[in-house]
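Colleague: fold the following.
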Amino acid sequence: MTDRLYYTDSYLTRFTARVVERLTWEGHPAVILDRTAFYPTSGGQPSDRGWLGGIPILGVEVREPDGAVVHILEAPLPGDEVIGEIDWPRRFDHMQQHTGQHLLSATCEQLLDADTVSFHLGAEVSTIDLNRPRLAREALEEVEERVNRVVWEDRPVRAYFVRPEEAASLPLRRPPQVEGPIRLVEVAGDEGGRPFDLSPCGGTHVARTGEIGLLKVLRLDYRGQETRVEFVCGGRALRDYRLKNGVLHHLAAMLTVGYWELPEAVGRLQDEAKEARREARSLRERLVEAEAARLAGTAVTVGPLRVARAVEENWDPADLRALAQKVAAYPDTVVLVASVGGERVHLCVACAEGAPADATALLRAVAEPLGGKGGGQARFAQGSAPAASRQRVEEALEAGVQRVASREGEGAHSSHPAPGPKELAHLSDTAVGGTGAPS
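Modeller: Presented below is the predicted three-dimensional model:
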């Protein structure tokens, strides 16, 4: 079994070791050493990074069941005697976060009677899950205050091993999960009192709480019967403050207010945006009404039907549907409309109640030349096609009009003659209008 040097010295960053086994781990070369200062992924804490003989380490894992520490390498390692170097900034960051977690979990137990059921040390933030549902934010603020008092008191933190029978008599925050000698991490309590925290743990920790710097609770996430607490410590807390302070002052400058006035300024903007949306909705409705009346007025008689068509610019699909349905409210009217200018062409066909036409068949006649598709029912159909020029879309709508004319010419619905070239030319000139998108 590998001698784990970090158990006794979390500050060791350089060591010598001997290769005892070479292997492949998930496609990468790997080695097992007789001794190591590299912490492997375990207990919610990610593994260390660094170098063995100058070769970068991609990860460190524990091999079950023998407990050997596997060092996964970027390239094969030459030689059997190696020098290991720890990525110290990463190691110290993990020490700050993990020791901060011990203080946070202990304080949640003391003040809230909430036990930590899981811990995760992430790349940006860390989390603990507490066995209490929907804890109040104010309760965690009191916890945060006490944790930081302990940090600033710079209490000693020490790690040591005890026998199982010794551990049974100690005030452990949680029971050990291993057999044999048990490694404990102890945060000193008040003068002459019991420890502030005493927990079984194999992780790396700072020597004094002052090295944590600061613990900040960022947010709570309610997960059924548990509350997830997201937090940062030390350098992460500084980076978080720097980022958020920069964002705060940038927004204040954009709105030309003091940062303390941002809530009121944002509230005013929300009210103004709500009113603007209401006005825009009213204007869109009026535009749709006006465009529907215009289109109905341009419709050309084709047998027993009146046919209207138009290509609009940048219309929302919902507004295009409303337009088609309003035009089709006019008796004996068939309307074919499209919107161009976006990533796709949107198409709608609508037929008045009782009109002898099939909207789905007409939509197909329009969509297919554009490489599009869609569907619907006899009275209304809609679809879309890849972006195309206005001219191509107008030609596709013309194909739909021609379909109506040809069916009338075949006498499918009426004995009325199909429109002649002049009528179709008139429809092309007057019914292909189009307005800009509602603002």
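Colleague: what's the spacing between the strand ranked longest in the chain and its chain's center?
Modeller: Using DSSP state E, we find that the single longest strand of the chain is strand 14-25. Taking CA atoms, centre = their mean, to the nearest Å, one finds strand 14-25 lying 39 Å from the centre of the chain it belongs to.
Colleague: neighbouring strands - and their directions - for it?
Modeller: Looking at strand 14-25 with DSSP bridges, its partner strands are strand 28-33 (antiparallel), strand 81-86 (antiparallel).
Colleague: buried residues in that strand?
Modeller: Within strand 14-25, the residues scored as buried using 16 or more other CB atoms under 10 Å are 15, 17, 19, 25. (Each C-beta comes from the backbone N, C-alpha and C, glycine too.)
Colleague: which ones are touching the third one?
Modeller: Residues counted as contacts of Val19 (CB atoms under 8 Å, 6 or more residues apart in numbering) are 31-33, 77, 79-82.
Colleague: ok, the first one next?
Modeller: If a contact means CB under 8 Å, 6+ apart, then Phe15 has 5, 35-37, 83-84 as its contacts.
Colleague: I'd like the residues you listed as a markdown table, with pLDDT, neighbour count and distance to Gly50 appended.
Modeller: Formatted as a markdown table, those follow (pLDDT from 0 to 100; neighbours: other CB atoms under 10 Å; distance: CB to CB, whole Å):
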| residue | pLDDT | neighbour count | distance to Gly50 |
| --- | --- | --- | --- |
| Leu5 | 97 | 17 | 13 |
| Arg35 | 96 | 15 | 15 |
| Thr36 | 97 | 25 | 10 |
| Ala37 | 97 | 25 | 9 |
| Ile83 | 98 | 12 | 10 |
| Gly84 | 97 | 23 | 7 |
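Colleague: for the host helix or strand of Glu230, packing partners?
Modeller: In the assignment (DSSP states H and E), Glu230 maps to strand 226-233. Counting contacts by 3 or more CB pairs under 8 Å, 6 or more residues apart in numbering; DSSP states H and E, strand 226-233 packs against helix 88-112, strand 126-130, strand 215-223.
Colleague: closest one to Gly202 among these?
Modeller: The minimum distance between Gly202 and those falls on helix 88-112, with 10.4 Å, by CB to CB.
Colleague: before we move on, the earlier item: can you say which of the helices and strands packed on strand 226-233 is nearest to Arg173?
Modeller: Minimum separation from Arg173 across the helices and strands packed on strand 226-233 (CB to CB) falls at helix 88-112, 5.9 Å.
Colleague: mind listing what's buried in that closest one?
Modeller: So helix 88-112, judged by 16+ other CB under 10 Å, has buried residues 91-109, 112.
Colleague: tell me the SS of Ala381?
Modeller: Going by DSSP: H, G, I helix; E, B strand; the rest coil, the secondary structure assigned to Ala381 is strand.
Colleague: now do the helices in the protein.
Modeller: In the chain, the segments counted as helices under DSSP state H are 88-112, 137-152, 164-167, 234-254, 262-298, 317-327, 359-367, 390-409, 421-430.
Colleague: list the contacts of the residue nearest to His249 when sequence neighbours are not counted.
Modeller: With sequence-adjacent residues excluded and distances taken as CB to CB, 6 or more residues apart in numbering, His249 is closest to Tyr259, at 5.9 Å. Contacts for Tyr259 were tallied using CB under 8 Å, 6+ apart; they are 248-249, 251-252.
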